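Trainee: Mind looking at a prediction? Sequence and model below.
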Amino acid sequence: MISEEPYRWLEAIRNRREYIEDQMQSGMPVVAISGTPGILFLTTRASTPKVFEIYDHLALGCLGHPADLEKVRQAAIDAAHLEGFTRSPHDVTSRRLVNYNIGPAIKNAFEQIFSAPLMFRGILADLGPAPDQDSAWLLDYDGAYTAPRPQDFQRGLVVAGYKRTQQNWEQLNDRSSSLLNDWPALTLAALRIIVWAHQLEKTDQHAEWNDTPQSLPELLKLLPDGLEAAVLDRKLIDKNIAYRVPAPAELGL
């Protein structure tokens, strides 16, 4: 009987994973992209927010169950402010939050098979003095996390309802890697990623990046529900808060 327990635990973990993946499928993509003016988060508008300020220069974009998003958001804020109080604001980094707080907490919730897991997938971004010093972490519901390279961040990062969407995006080789220099350019790039990801998930087939519309009006027609956007503004890097919600005109919308 005792020898069967590890197998039962592994089966329970597999069942949880399948359940969460099934529940997450309706989540619309969230994109974060780094450029000269700062970091842009963009996603489609929902009944509850999906992009949040975490600390002076940190922001989180995520999808999943609203109650679980709030749990992760609050845990990240609490950990960041505790770190800033006990050490200094300069010690509050995305790396420390992910490695010592958020990642372990999400992993623990996933592995506690007698309690509900967190339906969560997100991007935690950290604004630096220059684009090559920006950092981001991709987080998943099982506590797994990865840190993409700065050049990948400048191409754009995406999390979506299907894990394969993120994986397919990472494998694409025909994406532009040039640094984008203003908010409208970052917005257009992020919109293309959102539309590409949405088409991929809607058709359940391979979506060609080169077939994704490149004009703003065409892209907006495919996203009738509106957009939610927030930025970490590099001009405010020396201020208390670099996070702000931009006006649509500033993004070229």
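Mentor: Structure received.
Trainee: Look up phi and psi at the residue nearest the centre of the chain.
Mentor: The centre of the chain sits closest to residue 123, judged by CA atoms, centre = their mean, with a distance of 2.6 Å. Torsion angles at residue 123 (phi, psi; degrees, to the nearest 10) stand at phi -130, psi 120.
Trainee: go on, residue 189?
Mentor: With angles defined as degrees, to the nearest 10, residue 189 sits at phi -60, psi -40.
Trainee: ok, it touching residue 156?
Mentor: Yes: at 5.8 Å, residue 189 counts as touching residue 156 under the criterion of CB atoms under 8 Å. For the C-beta atoms, the positions are set from N, CA and C on the backbone; glycine is no exception.
Trainee: higher neighbour count, the two?
Mentor: Counting neighbours by other CB atoms under 10 Å for residue 189 and for residue 156 shows that residue 156 has the greater number, 25 against 22.
Trainee: residues contacting the more buried one?
Mentor: Shown in contact with residue 156 (CB atoms under 8 Å, 6 or more residues apart in numbering): 31-33, 169, 175, 189-190, 193.
Trainee: all strands of the stretch 1-150 of the chain, in order?
Mentor: Secondary structure of the stretch 1-150 of the chain (DSSP state E, counting those that start in this stretch): strands at 30-35, 38-44, 51-55, 58-64, 120-126, 135-139, 145-146.
Trainee: Using JSON lines, lay out those together with mean pLDDT.
Mentor: As requested, those are arranged in JSON lines below (pLDDT from 0 to 100):
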{"stretch": "strand 30-35", "mean pLDDT": "97"}
{"stretch": "strand 38-44", "mean pLDDT": "97"}
{"stretch": "strand 51-55", "mean pLDDT": "96"}
{"stretch": "strand 58-64", "mean pLDDT": "96"}
{"stretch": "strand 120-126", "mean pLDDT": "97"}
{"stretch": "strand 135-139", "mean pLDDT": "97"}
{"stretch": "strand 145-146", "mean pLDDT": "96"}
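Trainee: Kindly reformat these as JSON lines containing distance to residue 104.
Mentor: Shown next, in JSON lines, are the strands of the stretch 1-150 of the chain (distance: least, CB to CB, whole Å):
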{"stretch": "strand 30-35", "distance to residue 104": "22"}
{"stretch": "strand 38-44", "distance to residue 104": "24"}
{"stretch": "strand 51-55", "distance to residue 104": "17"}
{"stretch": "strand 58-64", "distance to residue 104": "16"}
{"stretch": "strand 120-126", "distance to residue 104": "14"}
{"stretch": "strand 135-139", "distance to residue 104": "11"}
{"stretch": "strand 145-146", "distance to residue 104": "10"}
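Trainee: picking that back up, can you flag the buried ones in the contacts of residue 156?
Mentor: 31-33, 169, 189-190, 193 (16 or more other CB atoms under 10 Å).
Trainee: So for residue 109, what's the pLDDT?
Mentor: pLDDT, residue 109: 91.
Trainee: which helices and strands does the helix or strand hosting residue 228 pack with?
Mentor: Taking DSSP states H and E as the criterion, residue 228 maps to strand 227-233. Contact analysis of strand 227-233 by 3 or more CB pairs under 8 Å, 6 or more residues apart in numbering; DSSP states H and E lists strand 38-44, strand 51-55, strand 58-64, helix 183-203, strand 243-244 as its packing neighbours.
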